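S.K.: pasting a predicted model and its sequence here:
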Amino acid sequence: MGKPQFNPMRDLVSGAIMAATSVPQLIAYAETVGYAGYRGLATAGAPLAVWGMITGGPFMNAGVTSITALMAKSDLNGEQYMAEHGEQAYVELVAAYSMYVGIASFLLALVGFGKLAGYIPKSVRTGFKWGCALGVLVSALPNGLFDSGGKQVKALVADDGTFGALVAIFKTQFPQATGAVNLSGFIYSLTHPTQWSIVPTIMFVTGTWFVMNGKKMLPKFLPPGSEVILVTAAGTLFSMHFDYSGGIVGEIPAMDPDAGIAIPGTDLKFPVEFLDYQKILDAPVADRMGGWVSLAITSLLFAGVNFLSIMGICSGFESENGIPWSAPQELAAQGGSCLMAAMVGSAPVSGSMSRSLVSRM
């Protein structure tokens, strides 16, 4: 098959479809990182544009993924930091981490890490992806079953004698096992169905079923991902016109009128708002990691693990579509997009398997 020929109209339509089908993921993964869901929408475009200018894969699609969201939140102990310092400070901390992951990606490209990564067993890569997928499920399930999502579950767990005692033990005896707290909320959610909120649960179950099976029922002429667009639109309309008690993305704050990138020859601007770079540099990410050496090691590990996803996607396109790829080039794409992610206040980004497959379709 090889690389497809350039077709502006087809690419424009594909880009619009990709943007629409990515909305639920962008919101969900932003909330997985720990900040407001709208930030996932506001910060997605710029890193993806940088990725597109560097990558050699015509189908490669990138952004914050389940892996990068969970790793960033875990490495930074984001829940505790945001509770102590507020959301804006946490966004700056996450942005600083993205910057160091970007730098680490370029360093790995220079030392030839791509060749070394090729020797990692496939079972290890598969297991890691499955683990991250389960992590997303554990983190996201309460948002689908309860009106106030994770906050409500934490309160219920704290009030429960058995679960509350277990969480207290983990927090005091095993403070690094932050995932155990989320897992306790997940188990509590599954074992207490009488406390589920009716409307969010119905929407959650129905939406999940339709996304998984809707393709079989929809007309063949509709583009891939139409089931995602329809579910998102239906849920949005329902929350707008009915007394929906569950969580919503909420009102998106207005952008600074002086912010954005001007389009030459027009009065238009790309709606991109950049963080103050000095605040990114001053963010205490090194202190959070236990020192500069620990930050360097953690950033390199993050960048290396991140690249495994990209390698798996590129290898699949090479074997199925005959599209060659270059490890240094894709590492550079990862590095450049992570640096841009830092500038706009996003978590580190990586190649997205699901979005890349839709892009190929």
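M.R.: Happy to help now that I have it. Numbers count the residues shown, from 1 in each chain.

S.K.: quick one: buried residues of stretch 105-122?
M.R.: For stretch 105-122, a neighbour-count test (16 or more other Cβ atoms under 10 Å) marks 105, 106, 107, 108, 109, 113, 114, 117 as buried. To be clear about C-beta, it is placed using only N, CA and C from the backbone, and glycine gets the same treatment.

S.K.: quick one, strands of the stretch 251-361 of the chain?
M.R.: Applying DSSP state E, counting those that start in this stretch to the stretch 251-361 of the chain gives strands spanning 261-262, 269-270, 350-351.

S.K.: show the average pLDDT along the second one.
M.R.: What strand 269-270 shows for mean pLDDT is 64.

S.K.: hang on, the earlier thing: now the buried residues of stretch 105-122 in JSON lines, with distance to residue 79?
M.R.: As requested, those are exported to JSON lines (distance: Cβ to Cβ, whole Å):
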{"residue": "105", "distance to residue 79": "26"}
{"residue": "106", "distance to residue 79": "30"}
{"residue": "107", "distance to residue 79": "29"}
{"residue": "108", "distance to residue 79": "29"}
{"residue": "109", "distance to residue 79": "32"}
{"residue": "113", "distance to residue 79": "31"}
{"residue": "114", "distance to residue 79": "34"}
{"residue": "117", "distance to residue 79": "31"}
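
S.K.: go through the residues you listed and name the one nearest residue 273.
M.R.: residue 105 (23.9 Å; Cβ to Cβ).

S.K.: which ones are touching the closest one?
M.R.: Residues near residue 105 by Cβ atoms under 8 Å, 6 or more residues apart in numbering: 303, 306, 307, 331, 332, 334, 335, 338.

S.K.: let's see 6 Å
M.R.: 303, 331, 334, 335 (Cβ atoms under 6 Å, 6 or more residues apart in numbering).

S.K.: now swap in residue 82 and tell me
M.R.: Neighbour list for residue 82: 34, 90 [criterion: Cβ under 6 Å, 6+ apart].

S.K.: so what pLDDT did it get?
M.R.: With respect to pLDDT, residue 82 has a value of 88.

S.K.: what's the offset of the strand or helix carrying it from the middle of its chain?
M.R.: Element membership for residue 82, per DSSP states H and E: helix 78-85. Here helix 78-85 is found 19 Å from its chain centre; the criterion is Cα atoms, centre = their mean, to the nearest Å.

S.K.: then that helix to PDB, C-alphas only?
M.R.: Extracted C-alpha coordinates of helix 78-85, given in PDB (Å, rounded to 0.1, in the frame of the first residue of the first chain):
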ATOM      1  CA  GLY A  78      -0.900  15.000  41.400                       C
ATOM      2  CA  GLU A  79      -3.900  14.500  43.600                       C
ATOM      3  CA  GLN A  80      -2.100  15.600  46.700                       C
ATOM      4  CA  TYR A  81      -0.300  18.400  45.000                       C
ATOM      5  CA  MET A  82      -3.500  19.900  43.600                       C
ATOM      6  CA  ALA A  83      -5.200  19.700  46.900                       C
ATOM      7  CA  GLU A  84      -2.300  21.600  48.500                       C
ATOM      8  CA  HIS A  85      -1.600  24.200  45.800                       C
END
